[in-house]
Each structure stands twice: as C-alpha cells, then as structure tokens.
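Visitor: sequence plus predicted model, see below.
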Amino acid sequence: MAPTLFTRRILSLLAIVGSSLTSSADTLSLKLRSQVEVAPGADRYHTVTKASLWDMTKTAVILCDMWDDHYCRNSAKRVAELAPRMNEVVKAARAAGALIIHCPSGCMPYYADTPQRKLGQSAPKLGTIIPLEGWCHLDSTRESEMPVKMDTPCDDVDDPRPRIRFYTRQIETLEIAEGDAICESIEPFFLLKQRDIENVLIMGVHTNMCVLGRPFGIRQLVRQGVNVALVRDMTDTMYNPIEPPFVNHFTGNDLIVSHIERHWCPTVTSGEILDDGITFRFPADTRPHLVIVAAEEEYKTEETLPPFALAELGRHFKISVVYGDPEVPTHLPGARLIREADVILLSVRRRNLPKDQLDLFRDHLAAGKSLVGIRTASHPFHQRDKAPPEGLDEWRDFDETILGGHYTGHHGGGIATFAKIAAGADHSILSGITTDEFPTHGSLYQNTPLPENSHVLMTGRAEGIALHEPVAWTHTAPGGGRVFYTSLGHPADFEIPAFRTLLRNAIHWAADEPTLVPPKP
C-alpha cells in the first residue's frame, strides 16, 4: 500500500532533521534562499540557495508588529499560532549572542518605563548617505507590482470588525528579556549602527505591508546596506482570497515571499536557526505541495504551466516551479525543491541530468509520491540513440516503468487532431469534461499498445489516420505512487476548457484530494 500524504510528510521531515547542519555557539549556518531570473526579461525565476555563516554577535533579530490583537481576527489568530515557535527562535538567537529588537509599532507608551524601551531610545541619531524614510513604499526601480491585491486585506468571513486599533502591546507569548531592545520607527537602525551589527533576521507581520515598508523593514535596511534575511516561515501576509489573484491565503503569503526573494533579500527558515529541520506551517495550511518541473523547448510549458497552476490550483495547492537552465540544459537550478514535493508536474524533454538531480525524482517516486506528466514527459531523461555524456545520468525506461506508456514517436504536424473520453472510462479525473469529441493541437503521439496495468481515460485521433491513440491514462509507479500522463499539452491546448479541467482534476487525484475544487469564475 502506498504511504499516505501525511505519512510521506513525516518521513520527509525525519530525513531533513537527520541531515541538518550544526552551528557553533555563536555562528549560525544558514541556507539563504533567493530567486534569480532565468534569463534577462524572462520574468521566470530559478530558486537557488547559498550557504552562509553568520556571526550571531554581529546579528540582530527584528520582530515586526507581533501585536496582542488586530482588527482582523484571522490575522490575530495566526499571530498567536506563530508566536510560540517564534519565541523559541528568539531564545536561541539571544543565547547565541544576537541582539533582539521588539518592534510592536504604536505600543511604546505601554513599555515607556522599561529598561528595554530606554535601550531602544539610547542610540545616537547618526546621519546616513541615503536619507531614512518614514515609510518605504513600493520601489518601481527595483521591484514589480505586488503579486496580491490589498484593497480588502482582512480574510475574516463573518462579522468583520472596524479597521481600528485593537492592540496595546506585543503578544505576551514573546518573552522580552534583559538586554533586549523595544523600538519603533527608525530607532532600530541607529541601534544597529551603534553596535556595528552587520546582519538582520526579520520576522513578524505583515509581510506585504509592515515587514517590507516600516522604517525598520526590509526595504529601508536593504537600501542602507544592511545584510537582511526574512525568516519566511515566521511571517504572515494580509491577503483576502476574494481579491486577485484569487488564491489560498497561504498561497498569497508564498507569492509575497517570492517577491521578496526576487527583488529584496534572501529568506531562511526557523528550522535553520533552531537546527531542528522543521519549517513551521499554520494549522489551517493543509495544501499539498505541487512542484512543477519545466525543461523543454518545443511546447513552452515554462510559460503555460505556472499561470495555469496559479489560476486553477492556487486555491488549494502550494506551488513551486523548477525551470531548466537555458545556458546549461543538463542542469536544473533549484532542483532541491523536488524534495519538498507531494506531487511533481513534469514537463521535461530529453535532458540528461547529473545523478544527484535525477536521484531526486527516483527518491520521490520510490517514497510512493505522485507524478503527473504532460507531453514530452514520455521521454524526459534520455537521448534517442545516444548514451549520456560523461558525468551525466539517464532514465531510459521512465516512460514504461513510471508512466505506464509506450511512446514510439508521433504523427506529422499540420494534421487536425481530436480527443474524447475513452469508451467505458469512468474516473474522477473526467468529472466536468464534455463527452463530445473536441479539437486539440499539436501532433498526435503514438503510444499503442499501452501496458495492461495502464488505465486509459481519453483517446485521440488524427484526421485521415485510422488508428486512434491513448492520450490520457493513469498508472501506479513501482513505489506505489499515483501517476497520470497526458500526451496533450501544446500551448494552444491550454485555451481548451476540457484540457484545463483534465489537468486540474488529474493533479487533485494525484494528491489524493477527495474534493475537486473548481477555479474562481
């Protein structure tokens, strides 16, 4: 029996903990994650990590606006959920020598007579080459528009409260210790300068507002030359799924983190600071993790799959993308994201990869995890008649053993093609798809005959050719994971409602999700 999604996550977590790095008492080993553009102007990004050692005696931790209440009840609830884990992170950083700066903006009267508040006010007001700003708005010279709308940012559904101040102090869960500072506005910057602090770990709320825009936030610190990293699992975004891009609240949070990684600073996780390998997830964040791997040049799936996934799956899935390297086709920058996947959406064509990268796919499937393949995924990891170049690996029987396919080629282009539900096929993947034949695009792939343990869901035909071909089917991988494949996937297919429904349903099925969630109209 294949392991459940929950069991697979636990096993993955144990593997991470077992391989975590240990930092010395005052030095922290971090994996700084950032996103770099695949090619200039591509607006697609590789996710890359860089190992770094931070001297904690030259590091500050800034806690942004972790208030005791908020007009948005859901936001206040998530702050309360974050706080226990955040407190452990703060204690570990403090013990290693970092300066802890609490910044509950607007709450200074509550702390007026405390030594921590007095420390926060004690640093001399030094001049700066770049003037300090009272609020740092979006900077169009270095960042794109924010990826989520914030006109109605509170995601409370019932009985919304007025947008007024409900907080009086920082949430009590976060301990304020001797030697900590309590600040607001530009005060933290002067403390950093007074103590020759070079590095800042910033956490708190809200990522798309105060964490970026406050005078002590990411934009200001980066402009002033401070080495900043966002603790990405110790933050939350003000985003309401009723607003564009109409995705899950936590997907909205992911989009803001990606925005920061692309334009402002790298990110880390609380598990790197605590050395326990754990990445915090909110209790309500039950999204399966879909990792798209797009590395082919014929069908432009690096352009079609990400927007498809955001529109069709963003309300229910965590979505990451691994792109091929246009300069080095045998390399997948960011391939380590595959370790985190519950489902891989594969669109790769004839790429020999280094063994360690190809092993990520082998390990995923051996663990009983799921895979959805489209179009050229039937020949992803080998050349037609050539052995792999030295130093690279291949997976020649991937089509047969994993997909349950039998790809031998394709009919010529320029011939009209069509698809329809196979006779007698009855499967949840077919829910909502017309029973009528519909036109498709691109040449018809030849896969007849399929192995007996592959279950055909749809067939296709090319005009003037008698033999019909299977174009969508399910299979079970040797490790027990669910597999779906379709030979459709031409760019124009993504304009066909039946194809979009087929692919969306298949990904839900692969993730063992009982409810198929329709996209926002």
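Guide: Done, it's in.
Visitor: could you list the domains of this structure?
Guide: Listed by automatic domain parsing, the domain ranges of the chain are 31-37+47-274, 289-510.
Visitor: possible to save those domains as JSON lines with mean neighbour count and distance to residue 280?
Guide: The C-beta positions use only the backbone N, C-alpha and C, and glycine is treated the same way. Formatted as JSON lines, the domains of the chain follow (neighbours: other C-beta atoms under 10 Å; distance: least, C-beta to C-beta, whole Å):
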{"stretch": "domain 31-37+47-274", "mean neighbour count": "19", "distance to residue 280": "4"}
{"stretch": "domain 289-510", "mean neighbour count": "19", "distance to residue 280": "14"}
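Visitor: columns distance to residue 281 and mean pLDDT on top of the ones you listed, output as CSV?
Guide: Converted to CSV, the domains of the chain look like this (distance: least, C-beta to C-beta, whole Å; pLDDT from 0 to 100):
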stretch, distance to residue 281, mean pLDDT
domain 31-37+47-274, 7, 97
domain 289-510, 9, 97
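Visitor: and the residue nearest the centre of the chain, how far from residue 89?
Guide: Nearest to the geometric centre of the chain sits residue 320, at 4.2 Å (C-alpha atoms, centre = their mean). In this view, residue 320 and residue 89 are 23 Å apart by C-beta to C-beta, to the nearest Å.
Visitor: cool, and residue 447?
Guide: Taking C-beta to C-beta, one finds residue 447 at 51 Å from residue 89.
Visitor: my guess is the residue nearest to the centre of the chain contacts residue 342. True?
Guide: No. Between residue 320 and residue 342 there is no contact under C-beta atoms under 8 Å: 10.9 Å.
Visitor: which neighbours do the two have in common?
Guide: 289, 290 (C-beta atoms under 8 Å, 6 or more residues apart in numbering).
Visitor: returning to what we had before: so which of the domains of the chain is nearest residue 282?
Guide: domain 31-37+47-274 (5.7 Å; C-beta to C-beta).
Visitor: any idea how far apart the tips of the closest one sit?
Guide: For domain 31-37+47-274, the separation between the terminal residues is 13 Å (C-alpha to C-alpha, to the nearest Å).
Visitor: and what of stretch 361-376?
Guide: End to end - C-alpha to C-alpha - stretch 361-376 spans 16 Å.
Visitor: and if you look at stretch 143-158?
Guide: Termini of stretch 143-158 sit 35 Å apart (C-alpha to C-alpha).
Visitor: now do stretch 275-283
Guide: Span of stretch 275-283 from end to end, C-alpha to C-alpha: 22 Å.
Visitor: secondary structure class for residue 85?
Guide: Residue 85 falls in the helix class when you classify it by DSSP: H, G, I helix; E, B strand; the rest coil.
Visitor: and it, how far is that from residue 416?
Guide: In this view, residue 85 and residue 416 are 57 Å apart by C-beta to C-beta.
Visitor: do residue 508 as well
Guide: Separation of residue 508 from residue 416 (C-beta to C-beta): 30 Å.
Visitor: hang on, the earlier thing: what pairs with the residue nearest to the centre of the chain across the strands?
Guide: Judged by DSSP bridges, the bridge partners of residue 320 are residue 291.
Visitor: report the contact partners of it.
Guide: Here residue 320 is in contact with 47, 289, 290, 291, 292, 337, 340, 341 (criterion: C-beta under 8 Å, 6+ apart).
Visitor: kindly reformat the residues you listed as JSON lines containing distance to residue 241.
Guide: Putting the contacts of residue 320 into JSON lines (distance: C-beta to C-beta, whole Å) gives the following:
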{"residue": "47", "distance to residue 241": "24"}
{"residue": "289", "distance to residue 241": "19"}
{"residue": "290", "distance to residue 241": "18"}
{"residue": "291", "distance to residue 241": "22"}
{"residue": "292", "distance to residue 241": "21"}
{"residue": "337", "distance to residue 241": "24"}
{"residue": "340", "distance to residue 241": "23"}
{"residue": "341", "distance to residue 241": "23"}
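Visitor: right, and residue 120 touches residue 179 too?
Guide: No. Residue 120 lies out of contact with residue 179 (C-beta under 8 Å); the separation is 11.7 Å.
Visitor: distance between stretch 163-171 and the chain's centre?
Guide: Computed by C-alpha atoms, centre = their mean, to the nearest Å, the chain-centroid distance of stretch 163-171 equals 31 Å.
Visitor: got it, and stretch 172-192?
Guide: So, by C-alpha atoms, centre = their mean, the centroid of stretch 172-192 is 31 Å from its chain's centroid.
Visitor: export that stretch as CSV, just CAs?
Guide: C-alpha atoms of stretch 172-192 as CSV (Å, rounded to 0.1, in the frame of the first residue of the first chain):
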residue,chain,number,x,y,z
GLU,A,172,2.7,38.1,25.7
THR,A,173,3.9,34.8,24.3
LEU,A,174,7.1,36.6,23.1
GLU,A,175,9.4,37.0,26.0
ILE,A,176,11.2,40.3,26.4
ALA,A,177,14.4,39.6,28.2
GLU,A,178,17.2,41.6,29.8
GLY,A,179,19.4,43.1,27.1
ASP,A,180,16.6,43.2,24.5
ALA,A,181,15.5,46.5,23.0
ILE,A,182,12.0,47.8,22.3
CYS,A,183,11.8,50.2,19.4
GLU,A,184,9.7,51.7,16.7
SER,A,185,10.2,53.8,13.6
ILE,A,186,13.8,54.5,12.6
GLU,A,187,15.2,53.6,16.1
PRO,A,188,16.4,50.1,15.3
PHE,A,189,18.7,51.4,12.5
PHE,A,190,20.6,53.6,15.0
LEU,A,191,21.0,50.6,17.3
LEU,A,192,22.4,48.5,14.5
